[in-house]
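Colleague: Next one to model:
(chains A and B)
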Amino acid sequence: MQGTTRKKIAKRQWKEWGEGYLFIAPLLLGIFIFYIFPFIQNFWFSFNEVNKFNVATFYGLNNYIEMCKDKELWSALGNTLLYVGITVPVGLMLSLFVAALLNTKIRGTSFYRTIYFLPSVTMSAAVAMVWKWIYNEQYGLLNAAMKAGGFSPHGWITDPRTALFMVMIVGIWGTVGYNMIILLAGMQGISRSYYEAASVDGASGICQFFKITVPMLSPTIFFVMITSVIGGFQVFDTIYMMIGKANTAYRSTQTLVMIFYRNAFDYGHKGYAAAISILIFSIIMLVTVIQMIGQKKWVNYD
Amino acid sequence: MKRMRGTKVLAMGMALAMAAMSLAGCSGGGGASKGGTTNLSFGIWDEKQRPVMEAMAQAYEKTHENVKIEIQLTPYKGGEYWTKLEAAATGGTAPDVFWINVLHAEDYYDGGILLDLNDYLKKSDLDLEKNFPEALVKAYNFEDKQIAVPKDFDTNALWYNKDIFDKAGVAYPTDDWTFDDLTKACKDLKAAGLDSGAYPFACPIDFQTWYYPTVYANGGWILNADKTETGYNDPKTQEGIQCWIDLIKEGYSPTANALSETSADAMFEGGQLAMVLAGSYMTPEYTSNDAINSKINLVEFPEFNGKEPNIINGLGYAVFSGSKNKDAAADFALFLGSEEAMKIQGESGVVISARNDAQKYFADSNKDLNLAAYTNHSGEANPLPVCKSVAELYDVEAEALKAAYSGDKTLADVCSQLKTDADAILAKNKK
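Modeller: Numbers count the residues shown, from 1 in each chain, chains lettered A, B, ... in the order given. Next up, the predicted model:
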């Protein structure tokens, strides 16, 4: 008796599940074809030598062994870490600052919001071209300003010492707007009554910002941090557009994704490129896990 | 109960429709022949050449009423053309006929992407050996299999800005100039005083147009015959590179650094250079630029070591081995090498037609310019050194030479390290 009821429920549940899966099938199929399958294939490729036309021959761990010996790759890892280490905190602080400013009741807030958001909706190739011109040694805006100020001009993106920092400025400039919108949305979700109570108690604006806004906003800040770190590790397009192969700062601005791209699409070493992408994936995974553990100490979900 | 079933059917239908849609997005394309017409796709990368390619396709369609040719344009810049072509070839949907260059020919041949044209050539009256420069035919021949019909070629020449020469009171360059004449003109131009930011000449780190011509003219070499060793250590090779570095040192050219930001072409077009070397493919750009086109002309590449230096390179028409209409595609590719098609291409003045009897049309396309400077010595020009790892090789070479061009290291030091690195790449990719 008992057995039959259980069977009946199970059958019904199966039917329900089946319908549920049917509904998500289109999306699931897309994710499987465009994300999961390529990921598995990529993992497999990293143990193979793969030519331009995807013909794979087994290569064991040799790609990974070559990676260990590849000095260029390690210097690119250094560049990438430096890029993430600077753009993420600076970008986060700037976006928090701008969001706080735009959360006040000043005139024309929507105008400023649009202005700050503009870089996020502009094509990164176009952005890179404009900045490239600003930085140009002979004809650039920056050097024109330097000359007018009595300083000698500088090859901003051809000098290996400055090029990566110049690219970071563009990276920060490009992401502040998007992060600012997310932080602003978070700020507007904080109840006014906290601030009212605080000002009754005589807390200053700055005190309110650090004691109310930042703790209340911590889940949003955490989200922005996670996405910025991931974005930072994947930086490619602006550097690719701004620093050409002929540029003297080419080596000192190379990131992991650029080395991946060159091996996969310029040289036809797709197996090696796959191994590099697994390295990038592992680093991002590791950093994200550390952040997830670390958040327990400072993110406030109440 | 009945209503439930209705919704279920609807849901299932929609799910299937969406799944089908997402799958349909992947396929598409492919030239299926229907009702007697054969559809051929033709892959190219240069927007400027699209009208000429269309004219040639139309000429073919006129005599082949059942063939329809569709041009697919993908930009070359940033390797987009090749990335797309490789993906399409892997998936079996590459264009039936497409442009190829010598840098990619061997890789594509090895990948089995290119159709062997030998049988088609035997049957046709197109005689490649008789009608085309040997260097170009050989560039597309592997293991005695011809895998492309030469399309066009490019060589290099010295362009100059008459205004700057007039102002400085220096005589214009001539076809019989030597490298010493070039150096002397640079000196005179500099002594006469040019506008601020202007230079007599420019020496970017450019292999094809600048240092390979002089390396070969000087008896130097880059790759040996069996492609196992590089020749950077040969003093003759180094002399062919050093001559350009010396011009930078004398202040006759902007630094290689500055030229990596503002290209020599851009400076010449901006009236900031008295002279520049340029491939024949730059001609349409220079002549269509109203700022300079009325005050420029060109002469042959200056003689070096008593020889006419030059590098000849060119494209070819290849047929996709996975094409559904191989015979029609090969027939069209061979037509593109015919006298008729080569004449249409040559008369456009955009490129130099590869076919011997059609080379003259390029020089004839613009009587105001000495365009014959590009074709006068094309027979003596060297082909680009190529091998399977050529993309990697050019990259390490350019990267290494930066230190020599900036003066941070001597060329001899740079070259000995470069040889070690480049030979290692050759060895690695050989297996």
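
Colleague: Residue numbers of the stretch 201-302 of chain A in contact with chain B?
Modeller: Contact residues, the stretch 201-302 of chain A versus chain B (C-beta under 8 Å from any C-beta of the partner chain): A:240, A:244-248, A:250-251, A:262, A:265-268. To be clear about C-beta, it is placed using only N, CA and C from the backbone, and glycine gets the same treatment.

Colleague: Could you list the domains of chain A?
Modeller: A:2-45, A:62-298 (automatic domain parsing).

Colleague: and the first one, does that touch chain B?
Modeller: Yes. Contact of domain A:2-45 with chain B is found when judged by C-beta under 8 Å from any C-beta, involving A:Glu19, A:Leu22, A:Phe23, A:Ala25, A:Pro26, A:Leu29, A:Gly30, A:Ile33.

Colleague: sorry, back to before: put together TSV for the residues of the stretch 201-302 of chain A next to chain B, with pLDDT on each row.
Modeller: Formatted as TSV, these follow (pLDDT from 0 to 100):
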residue	pLDDT
A:Tyr240	91
A:Gly244	86
A:Lys245	86
A:Ala246	85
A:Asn247	88
A:Thr248	87
A:Tyr250	91
A:Arg251	91
A:Arg262	91
A:Phe265	85
A:Asp266	85
A:Tyr267	88
A:Gly268	85
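
Colleague: Can you lay out those as TSV showing secondary structure and distance to A:Phe165?
Modeller: Below are those laid out as TSV (DSSP: H, G, I helix; E, B strand; the rest coil; distance: C-beta to C-beta, whole Å):
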residue	secondary structure	distance to A:Phe165
A:Tyr240	helix	17
A:Gly244	coil	18
A:Lys245	coil	20
A:Ala246	coil	20
A:Asn247	coil	15
A:Thr248	coil	15
A:Tyr250	coil	15
A:Arg251	helix	15
A:Arg262	helix	23
A:Phe265	helix	27
A:Asp266	helix	26
A:Tyr267	coil	29
A:Gly268	coil	33
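
Colleague: who touches residue 167 in this structure?
Modeller: Went with chain A since none was named. A:Tyr83, A:Ile157, A:Thr238, A:Ile239, A:Met242, A:Ile243, A:Thr253 (C-beta atoms under 8 Å, 6 or more residues apart in numbering or on different chains).

Colleague: if you could check chain B rather than the one you did, that'd help
Modeller: With C-beta under 8 Å, 6+ apart, B:Lys167 has these contacts: B:Ala192.

Colleague: Let's see that with 10 Å instead.
Modeller: B:Asn161, B:Leu189, B:Ala192, B:Gly193, B:Leu194, B:Asp195, B:Ala274 (C-beta atoms under 10 Å, 6 or more residues apart in numbering or on different chains).

Colleague: List only those of the residues you listed flagged as buried.
Modeller: B:Asn161, B:Leu189, B:Leu194, B:Ala274 (16 or more other C-beta atoms under 10 Å in any protein chain shown).

Colleague: The third one: what secondary structure?
Modeller: By that I understand B:Leu194. coil (DSSP: H, G, I helix; E, B strand; the rest coil).

Colleague: Against B:Phe201, how distant is it?
Modeller: 11 Å (C-beta to C-beta, to the nearest Å).

Colleague: Which residues are in contact with each of these two?
Modeller: Joint contacts of B:Leu194 and B:Phe201 (C-beta under 10 Å, 6+ apart) are B:Leu273, B:Ala274.

Colleague: sorry, back to before: which of the domains of chain A is buried the deepest?
Modeller: Mean neighbour counts were compared across the domains of chain A using mean count of other C-beta atoms under 10 Å in any protein chain shown; the top stretch is domain A:62-298, at a mean of 17.

Colleague: Identify the farthest-apart pair in the residues of the stretch 201-302 of chain A next to chain B.
Modeller: The span of these, defined through C-beta to C-beta, is set by A:Thr248 and A:Gly268 at 26.5 Å.

Colleague: Give the rounded mean pLDDT of stretch B:166-179.
Modeller: Mean pLDDT, stretch B:166-179: 96.

Colleague: give me every residue that touches residue 51.
Modeller: If you meant another chain, say so; for now it's chain A. A:Thr57, A:Gly268, A:His269, A:Lys270, A:Gly271, B:Glu86, B:Asp107, B:Asp110, B:Gly111, B:Lys388.

Colleague: Let me rephrase: I mean chain B.
Modeller: Per C-beta under 10 Å, 6+ apart, neighbours of B:Pro51: B:Ser348, B:Val350.

Colleague: average pLDDT across the helix or strand it falls within?
Modeller: Using DSSP states H and E, B:Pro51 falls within helix B:50-63. Taken as a whole, helix B:50-63 has an average pLDDT of 95.

Colleague: repeat for stretch B:247-260
Modeller: Averaging the model's pLDDT scores along stretch B:247-260 yields 94.

Colleague: which one is residue 190 nearest to, not counting chain neighbours?
Modeller: Looking at chain A here, since you left the chain open. Sequence neighbours aside, A:Met216 is the residue nearest to A:Ile190 in space, at 4.6 Å (criterion: C-beta to C-beta, 6 or more residues apart in numbering or on different chains).

Colleague: hmm, I had chain B in mind actually
Modeller: Take B:Lys190 and drop its neighbours on the chain: the residue closest to it by C-beta to C-beta, 6+ apart is B:Pro200, 5.6 Å away.

Colleague: Model confidence at the one you found, what's the number?
Modeller: pLDDT recorded at B:Pro200 is 97.

Colleague: pretty sure it is touching B:Ala274, no?
Modeller: Yes. If you go by C-beta atoms under 10 Å, B:Pro200 and B:Ala274 touch, sitting 4.8 Å apart.

Colleague: list residues touching both of those two?
Modeller: Taking C-beta under 10 Å, 6+ apart as the criterion, B:Pro200 and B:Ala274 both touch B:Tyr160, B:Ile164, B:Phe165, B:Ala168, B:Val170, B:Ala185, B:Cys186, B:Leu189, B:Lys190, B:Ala192, B:Leu194, B:Tyr252.

Colleague: and the closest residue to chain B within the stretch 151-300 of chain A, what does it touch?
Modeller: Of all residues in the stretch 151-300 of chain A, A:Ala246 sits closest to chain B, at 4.0 Å by C-beta to the nearest C-beta. Contact analysis of A:Ala246 by C-beta under 10 Å, 6+ apart lists A:158, B:204-206, B:256-257, B:259-261, B:263, B:398-399, B:402.

Colleague: Out of those, which sit inside helices?
Modeller: B:Ala256, B:Asn257, B:Leu259, B:Ser260, B:Glu261, B:Ala398, B:Glu399, B:Lys402 (DSSP state H).

Colleague: Closest to A:Phe47 out of those?
Modeller: Distances from A:Phe47 to those, taken by C-beta to C-beta, are shortest for B:Glu399, at 29.2 Å.

Colleague: burial count for that closest one?
Modeller: 18 (other C-beta atoms under 10 Å in any protein chain shown).

Colleague: tell me the contacts of B:Ala333?
Modeller: B:40, B:42, B:96-98, B:115, B:117, B:120, B:126, B:148-149, B:151, B:316-319 are the contacts of B:Ala333 under C-beta under 10 Å, 6+ apart.

Colleague: Below-threshold pLDDT in chain B: ranges please.
Modeller: Across chain B, residues meeting the criterion (pLDDT under 70) sit at B:1-35, B:78, B:431.

Colleague: center of it - which residue?
Modeller: Centroid check for chain B by C-alpha atoms, centre = their mean gives B:Gly314 as the closest residue, at 5.8 Å.

Colleague: That one against B:Pro383, yeah?
Modeller: Yes. Taking C-beta under 10 Å as the definition, B:Gly314 is a contact partner of B:Pro383 at 9.0 Å.

Colleague: overlap in contacts of those two?
Modeller: B:Val102, B:Pro133, B:Ala135, B:Leu136, B:Ala139, B:Phe153.

Colleague: So the residue nearest to A:Tyr59 when sequence neighbours are not counted: helix, strand or coil?
Modeller: What sits nearest to A:Tyr59 in space, not counting adjacent residues and going by C-beta to C-beta, 6+ apart, is A:Glu49, at 4.5 Å. Three-state assignment for A:Glu49 (three-state DSSP): strand.
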